[in-house]
Each structure stands twice: as structure tokens, then as C-alpha cells.
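Participant: 3D, please:
(one chain, ligands or ions: 1)
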Amino acid sequence: MSDRKSIVSDYFEKILNTIDVGVHFIDQEGNTVFYNDKMAEIDGLDREQVLGKNILHLYPSLTQETSTLEKVLQTGQQLPAHIQTYFNVTGKRIMTVNSTYPLYDNGKLIGALEVAKDITSIVQLHDQILDLRHQLYQAKQKENKNKGTARYEFSDLIGRSKPFQDALTLAKKTSRTVSPVMISGPTGTGKELFAQSIHNAGARRNRPFIAQNCAAVPADLLEGIMFGTARGAFTGAVDRAGLFEQASGGTLFLDELSSLDVYLQAKLLRVLQDGMVRRIGGTNEQQADVRIITAMNMDPAQALEEGLLRYDLFYRLSVVKIELPPLQHREEDIPLLVNHFIEKLNPVFGLQIRSISPDALRRLTAYNWPGNVRELGHAIESAFNMVEIDEETIEERHLPSGLLVNRVIAEADSGGHDRLPERMKQMEREAIAIAFRKNGFNVSQTAQELGMKRQALQYKLNRYGITKKP
Ligand SMILES: Nc1ncnc2c1ncn2[C@@H]1O[C@H](COP(=O)(O)OP(=O)(O)OP(=O)(O)O)[C@@H](O)[C@H]1O
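Facilitator: Numbering: from 1, shown residues only. Okay, the predicted model is just below:
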């Protein structure tokens, strides 16, 4: 019996060094008693460097409160499987599933044992799959956009604030008619979504919805695109239907109308007045049976004043005028939109985010959103990239740090200039603290993300008293 015991003890270390799970055993003082090869590989440390050393010295980013081994020593209770993410000494981002147990001898606590399963490569694979799903999702969105079909319906439009609801009510009413609609509002407020929804709610829903951004193509090319070309009209010209023909019986959505060349504005007006369109170089005229919806980021009054938009065309196209308010004027829509984006992104990212923390939401409502709803969508998508797979709440630390900088400007704009330097410092401190935590307390990486030198960041960390403790 004693022989068997000694054989087992002789081979115990060898056995633990062959398994594919990290094992770390500390004594009651927190000093390492046993540390297997796999644990050394995960941490990027040399086993001999670790034996006999105190874990708080080994992992400087850990404290008595954050170290799970220390916690088990203090409480005597086991900590079941939990996911840990950190950067090891080689700078590699590691993700493990750890279980930590107290070790007793005759009822007396003599140490703690941690076993760690390295899931970094599984998570990387998982991320690759999600990345592919993401690409597929974006490709599908692009495909729908180019197919001549409108995807959005009024039920997809989120918002309950008064200015948004007013715009929605007007849009719903106008979907029953074929009058021209002019939608204005800053970038990302949903002008194209409104245009598609108007089309989809109307009698032309089964006919094409053709969108053209007037700012995206040079005027000489756009003329052929809009009105079509006849073979031989100019060198290399082929018979090609223009947007009016393509959208026949449906809706033609002209985005960024104020960027349309004035010559083309005149030609467009003629087509609308005559109700007929002719391809460039062609002889046949065809009926221009399209409903026109236009949009622009600029206030139409300003576009008229600056000579970017012809008055006669404006009167023709603005029979119904819909103004979409910037997101910062409809703060109460932000929580609804956040939930909408969370629901939309959960299946794309394979996550189960259920909510956003009050602090994070406060941060979002304090921001001035120059890119409006589109920017909010991107901020939530960015947060999805920051959360760990077992997290269910978007926290402030997951949000892009850029949201802070803009708030400083917004607050400065809204008065209180005398206290700006203090506020700037406070914001800078917050931005650094968030980025530091987000980057696993790695100074070099944080400096890189913030676009500053490592030494400069170290100086600010000391000055603001930002420690590694989360
Ligand atoms: N009310 C809304 N509900 C849900 N999503 C919205 C809403 N408004 C905008 N979005 C989101 O914002 C994105 C941008 O919308 P859209 O392209 O319609 O904006 P836009 O005003 O036409 O922008 P731009 O002037 O830059 O072309 C959409 O893809 C959608 O995700």
C-alpha cells in the first residue's frame, strides 16, 4: 500500500505536467507551491520563475480583491467555473475558464488550487465565425440596397418623441398619394428609411424603388445614369435605360439633391413638367411614371439661399416637406433605439445582451450625436465588440472612448466656459480610465488606442491616480 502511495506521489508531478489544463497551487501565504507546464504556457512564464513566488508579485495587475486564488484563501469557499480575460507577459490576450478550490488538511485551510482551461483558440474560432456571419449580413444589406427594392417599413422606424412622431404621421399620410416628397435632416437621421417606408406603404409597393445619391457620381456621368443613353449618343454609348425607366411605375429616390448639378436640375424639372423622358441621343420619348422622393442633409432654405437648389425645382419637389430632427433633440428615443440595435445585433454577434447599464445610458444621452442614429448604431456595434461572451449588459467601459471628447465640446458650447479646464481634466481622466480598463490595464496598448506616447500615458496615470485596480 505504501509502495503504491509513493509511486503515485512520484508520478503525480509528471501526470499534472502532461494534462492540457493549467494547474496552480498556492500555500496559505499566497506563495506558489505547484505550477504545471500548461499553466506556464498559458501565462507565458517560466515555471522555475514562479515556484515559491507570491501570486500578487507574479501578476502585478491583480490585487487581493481581484485575484481568485486570494479570494478563495480569504473565504475558504470554492469559486466555480468563471471566464477570465487578461494579457499574459508576452502581451498575448488570453481567455481561460477557471475553477478555484480551497485545500484543507484535517479541517485546516492550507492553500488554494486553481485549474484553468485555455479557451483562447476556441474563442478565436468563434470570433472568426462571427466575423464571417457579419460579412454575410453586410453583403446581404448591400445586395438589398442594389436590388431596386425597398426593405424598410414604417414598423421598422423607432422613436416616440414628438418631433419624430410628427414626421412619421406625415410620412404615413403621404404614402397614400403620389405627390413629391422632400425629406430633410442631418446625416444619419433616417431619411432613406423614411423614403423606403413611404414607398412600401403605398400603392406602388410592388414596383421598383430606385435610389440614387446625387453627390456620389460626377455630373457628366449622372446625366446618362438618370435619363439613359441611346447607342451612338457619344463615343462608346450603349442602349441603356435611365433611372426614370428603371423606376417606372415605382419610386425614384434622389438623395443629396442639393449636390445635383444645376444643369441637371433644369433637365430634371423639364422631365417632371412634361411627364416625358428621352434617353441622351435618343429620339423616342417615354412616359416618366415615377413618384419622386428627394432628400438632403442641408436645410432646403439654406440650399436655396446658397444657389445650390433651383427655386422652381424646389417648389415642384417639396409638395410634402418632412423634416427629420437630429438625435440630440430627441433624447427620449435613445433608449428605444439602443434596445432596437441590441436586438438586431445579438444574433449577428452570437451574444445575449439583455440590457444597458444606467451609467452607459447616461453617457449616451449626454453625447450630442453628430452622426445621429447611424452613429448610435455604430457605437452599439462597437460595444458588442468589447463585451465578453458571457456578459449580458453593455457597461460604460464598453462604449467608444470618443463619446467623451465630444461631450466636452458639447458642454463647452452650452456655456459654463469658466469651468472648462476642470471639466476637460475630468473627461480626460475618465477617457483614460475607461481605455485602460478596456485594454486589460496594458499601458502600451492603451497608449496606442489613445494615440499618445507610452511615457505620456504613464505620467497621466500617475497624475490622475488611475491604478490597475478595476
Ligand atoms: N428611426 C430609426 N429607427 C431605426 N433605425 C434608424 C432610424 N433612423 C435611422 N436609423 C438607422 O440609421 C441608419 C442611417 O439611416 P439612413 O441611411 O436612412 O439615414 P440618412 O438620413 O439617409 O443618412 P445620409 O444623409 O447620411 O444618407 C440606418 O441604417 C438605420 O440603421
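Participant: quickly find the element holding the residue nearest the centre of the chain.
Facilitator: Nearest residue to the geometric centre of the chain (Cα atoms, centre = their mean): Glu381, 2.3 Å. Element membership for Glu381 (DSSP states H and E) is helix 372-386.
Participant: helices or strands up against that helix?
Facilitator: With contacts defined as 3 or more Cβ pairs under 8 Å, 6 or more residues apart in numbering; DSSP states H and E, helix 372-386 has these neighbours: helix 333-349, helix 358-366. Quick note: C-beta positions are derived from backbone N, CA and C, even for glycine.
Participant: from the stretch 101-250 of the chain, which residue is nearest to the ligand?
Facilitator: In the stretch 101-250 of the chain, the residue found nearest to the ligand is Gly190; the distance is 2.7 Å by Cβ to the nearest ligand atom.
Participant: so how many other residues sit close to that residue?
Facilitator: Gly190 is surrounded by 24 other residues when neighbours are defined as other Cβ atoms under 10 Å.
Participant: can you show me the strands along the protein?
Facilitator: Remark: strands assigned in the chain by DSSP state E are 22-27, 32-35, 79-87, 93-105, 108-118, 181-184, 209-213, 251-255, 276-278, 285-287, 291-296, 320-323, 355-356, 393-394.
Participant: pLDDT on the first one, on average?
Facilitator: Averaged over strand 22-27, pLDDT sits at 93.
Participant: kindly report the same for the longest one.
Facilitator: Along strand 93-105, the predicted confidence averages to a pLDDT of 90.
Participant: hang on, the earlier thing: which residues sit against the helix holding Glu381?
Facilitator: For helix 372-386, contacts defined as Cβ atoms under 8 Å, 6 or more residues apart in numbering pick out 186-190, 326-327, 334, 337-338, 341-342, 345, 349, 351, 353, 360, 364, 369, 371, 394, 397-400, 403, 438.
Participant: again, only this time at 7 Å
Facilitator: Here helix 372-386 makes contact (Cβ atoms under 7 Å, 6 or more residues apart in numbering) with 186-190, 326-327, 334, 337-338, 341-342, 345, 349, 351, 369, 394, 398-400, 403, 438.
Participant: before we move on, the earlier item: take the strands of the chain and lay them out in TSV including mean neighbour count and distance to Leu16.
Facilitator: TSV is the format used below for the strands of the chain (neighbours: other Cβ atoms under 10 Å; distance: least, Cβ to Cβ, whole Å):
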stretch	mean neighbour count	distance to Leu16
strand 22-27	21	5
strand 32-35	20	7
strand 79-87	14	19
strand 93-105	17	14
strand 108-118	18	10
strand 181-184	25	68
strand 209-213	20	64
strand 251-255	24	65
strand 276-278	19	81
strand 285-287	14	82
strand 291-296	25	67
strand 320-323	17	70
strand 355-356	18	42
strand 393-394	18	37
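Participant: and the ones you listed, which one is worst for confidence?
Facilitator: Taking each of these in turn, the lowest mean pLDDT turns up on strand 79-87, with a mean of 81.
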